[in-house]
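Q: I need the structure of the sequence given here:
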Amino acid sequence: MNSRALIGFSLLIWLLALAAAMIARPLMPIDETRYVTVAWEMHLADHWLVPLLNGEPYHHKPPLLFWIIRIGWMIFGVNDLWPRLVAPLFGLAALGQVLWLARLLWPGEQGRRIGALALPILLTGAWWLLFSTLTMFDLMMACFALLGWCGLALALRYGYFWRGLALYGLAIGLGVLSKGPAILVYALPPALLAPLWAEVKQNWLRWYLGLLGAIALGAAIGLAWALPAAEAGGAAFKQALLWGQTAGRVKDSFAHKRPLWWYLPMLPLLLLPWLFWRPAWRAMWFGRVGWSDANVRFCLVAGLVGLVVFSFISGKQPHYLLPLFPPFALLVAQALENGRVLARPVDMLPAIGLVAVLAVLIALVPFVPQLVDKLDDLPDWSMAVPLEIAASLLVGCALAFWLSRDARVDRQLIAMSCLALSLFLSVHLIGFAPGRAAYDMKPAAMVIKSAQDADRPVAFAGDYHGEYQFLGRLEKPLPEVEYRDIPAWFAANPNGWMVARYRVERLAQGPKPLYAQPKRGRIMVIWDAAALAAQPEFFAPQ
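A: A predicted model of the protein is given here:
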C-alpha cells in the first residue's frame, strides 16, 4: 500500500473512532464534565483570566482548552458538540505533525513512507485511540511536543536556526498554557541532548544560548497569562497556581501519587496492541535499528528520557505518557521500512488470540453472579453486557486474520489496526449502551436547572466537581455540604433540594428520593425536606 493510501486509511480510522465516541458516549464525569464546566463558567462570567469551577477560582489547569472552547461557542453558539471536537482535532493535527517530523528526520520518499506507516501505529494504540476522543489535555500536549520537536529538527538539520528555535519556544509556551510546565518533560530532552542526534556540525555554545532564549520565550508566553491571573484570582489561587501545580506536584503530589516504578508494569498495557505484533519487534532486531542511527537516537531520547523523568515525578497517570507515543510509532515505522521482514499469518495469532479470549470473557459476564459470591461493588448494568459485543469482537478477529493472509507487512499493519478499531467500536457502540445512563448526567442536570429556575436552593453533599453546571446550563453554583450537615442545611433551607450519591445497599435503607439515577457505580439522588422528616435517622451522622 502506498503512502497516500496509508494516510487515507488512518484518516478513516480517526473519523470512525470520533463518530463512535460521539454516538455512544456522553460527556464523561468527572473529568470531561468538569473541564467543560470550567469553560462554561468562564463564558457565563465573561472572564478570560481566571478559570472558574462552581464559582471559585480553579487552579488545577491552565486556560488554553477553556479558551478554545469559549472561542468556539462565540462562533457557533453554546453547544455540546464543539467541546467534544477540540481534543480529536488536536489529535488530527498531531497526525499531521508526525508526518512532518518523519520527513524532517528522514528526507525524501523514505520520510514520507515512515510517516505514513507511523500513523496507524500511533492512532490505534489502545490509550491513544481512547484519549483522542476525550475532552482532556494530553492530545494538546502531544501536539505541542511534536511541534517543538519539529522546530528542533528545523534548527539543527536544515539551517533554520532562529526560526526553528522560535517555533520550539512557541510550542513550549502553548504547552504551558495547555497543561503547565509538564511540556518541558517532553520538549527538553531532545534539545538538551542535541549533540547525540543532530548530525550536522554545530556551534554548541550558540545552540545552548539560543535554546535558553527559546525557553525564555515559552516561559514569557505562559507568564503573560499566569502573572495577571495570579493577581486577579486572590492569594490562595496565586499560591496554588505558581507553586502547587509545579514544584508541589513534582515533590509530593496531592493527587495520583504513585511509586517510582509504577509506569513499568503499565508499559505493556500502554503499548497494546503493537506489543503483540511480532513483525515490529523482528524488524527492529534484524533491521539493526540501533544507537548508530541518529534518528533512532532522537526517538529514544524523546521517548525514554521523558519516561524516566515522569517516573521521578510524584503524580502519575497512564495518559501522561501519551505525548511519548509518537517517537515509539516512528521507531516501529522505521524498523518496518528498513527491516524488510516478511509477515506471516501466524504473526497475528497473539493479538487475535488476546481479543478472542476477551470476547469469551465478555460472553461469560452474565454468568458471573453464579460463579462468584461477592460482587457487591459492581453496578447492576455491568452484568448486562450483551452477547453481541462478544460476537462483534470475534468478527473483528476473523476479519483481521483474513487481511493478514498476505505476506506484505502493510497488509498486516492494516489488519492489526482493524483489530484495534473493532475493539474500540464494539466497546463503544455495543458494550457501552447498558451503562450509558450511569455516565449521562444531563437528565439530572436538567432537574437541578428546573429547581434553580424556580429559585429553589440546591446544594451538593460531598465534593462537587461541576458535573451538572454545563449540562444543565446552571447559572448558580451548588454549595457543598458535608453529609453529616444535611439536617442542618434543610433546617436553614426548608424548601431546598439536596443532591447526593449513595451506594445501592445504603440507599435501600432510606426514604424515597425526588429523583434518582445511576452514577458511576452508585446512585445519584435528590432529596427534599420531606425525606428528612419521614426518616431522620437515615440522615443522622454515621
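
Q: distance of G306 from L387?
A: Computed as C-beta to C-beta, to the nearest Å, the G306 to L387 distance reads 42 Å. Using the backbone N, CA and C atoms, a C-beta is placed for each residue, glycine as well.

Q: okay, those two: which has more neighbours?
A: For G306 versus L387, the count of surrounding residues by other C-beta atoms under 10 Å is larger for G306: 24 against 14.

Q: how about the more buried one, secondary structure?
A: Reducing the assignment at G306 to three states with DSSP: H, G, I helix; E, B strand; the rest coil gives helix.

Q: tell me which residues touch it, please.
A: Going by C-beta atoms under 8 Å, 6 or more residues apart in numbering, G306 touches V185, Y186, P189, L321, P323, L324.

Q: ok, and the most crowded of those residues?
A: For the contacts of G306, neighbours were counted by other C-beta under 10 Å; the highest total belongs to Y186, with 31 neighbours.

Q: check contacts around it.
A: Contacts of Y186 (C-beta under 8 Å, 6+ apart): M141, A145, G148, G175, A302, G306, P323, L324.

Q: repeat that with 6 Å
A: Contacts were defined as C-beta atoms under 6 Å, 6 or more residues apart in numbering; by that measure Y186 touches A145, G306, P323.

Q: go on, F90?
A: When contacts are counted by C-beta under 6 Å, 6+ apart, F90 touches L139, M140, C143.

Q: just the closest of the residues you listed to D347, please.
A: Nearest to D347 out of these is L139 (C-beta to C-beta; 30.2 Å).

Q: where's the closest one, which helix or strand?
A: helix 138-157 (DSSP states H and E).

Q: run through the neighbouring helices and strands of that helix.
A: helix 81-105, helix 161-179, helix 183-192 (3 or more C-beta pairs under 6 Å, 6 or more residues apart in numbering; DSSP states H and E).

Q: who touches it?
A: Here helix 138-157 has contacts from 87, 90-91, 93-94, 97, 100-101, 104, 131-132, 160-161, 164-165, 167-168, 171, 174-175, 178-179, 186-187, 190-191, 194, 198, 200, 319, 322-323, 326, using C-beta under 6 Å, 6+ apart.

Q: give the residue spans of the chain that score low on pLDDT.
A: Judged by pLDDT under 70, the chain has its weakly predicted residues at 244-256, 286-291, 339-342, 366, 368-386, 407, 542.

Q: tell me the domain boundaries of it?
A: For the chain, automatic domain parsing gives the domain ranges 3-339, 345-438, 442-539.

Q: so which of the ones you listed is the most packed in?
A: Ranked by mean neighbour count, these are led by domain 3-339 with a mean of 19 (mean count of other C-beta atoms under 10 Å).

Q: distance check, the residue positioned nearest the centre of the chain against Q97.
A: In the chain, the C-alpha closest to the average C-alpha coordinate belongs to F131, at a distance of 3.7 Å (C-alpha atoms, centre = their mean). Separation of F131 from Q97 (C-beta to C-beta) stands at 17 Å.

Q: do W127 as well
A: In this structure, W127 and Q97 are separated by 18 Å, where distance is defined by C-beta to C-beta.

Q: elements contacting the host helix or strand of L15?
A: L15 belongs to helix 3-24 when assigned by DSSP H and E. Judged by 3+ C-beta pairs under 6 Å, 6+ apart, helix 3-24 is in contact with helix 109-123, helix 409-426.

Q: quick one: distance of stretch 138-157 to the chain centre.
A: For stretch 138-157, the separation from the chain centroid amounts to 19 Å (computed by C-alpha atoms, centre = their mean, to the nearest Å).

Q: ugh, wrong one, stretch 82-93
A: In terms of C-alpha atoms, centre = their mean, the centre of stretch 82-93 is found 11 Å from the chain centre.

Q: just the CA trace of that stretch, in CSV.
A: Below are the C-alpha coordinates for stretch 82-93, written out as CSV (Å, rounded to 0.1, in the frame of the first residue of the first chain):
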residue,chain,number,x,y,z
TRP,A,82,-17.8,21.7,20.0
PRO,A,83,-16.1,20.9,23.3
ARG,A,84,-16.0,17.3,22.3
LEU,A,85,-14.3,18.1,19.0
VAL,A,86,-11.4,20.0,20.4
ALA,A,87,-9.3,17.1,21.6
PRO,A,88,-9.9,15.0,18.4
LEU,A,89,-8.9,18.0,16.3
PHE,A,90,-5.7,18.3,18.2
GLY,A,91,-5.2,14.6,17.7
LEU,A,92,-5.7,15.1,13.9
ALA,A,93,-3.1,17.9,14.0
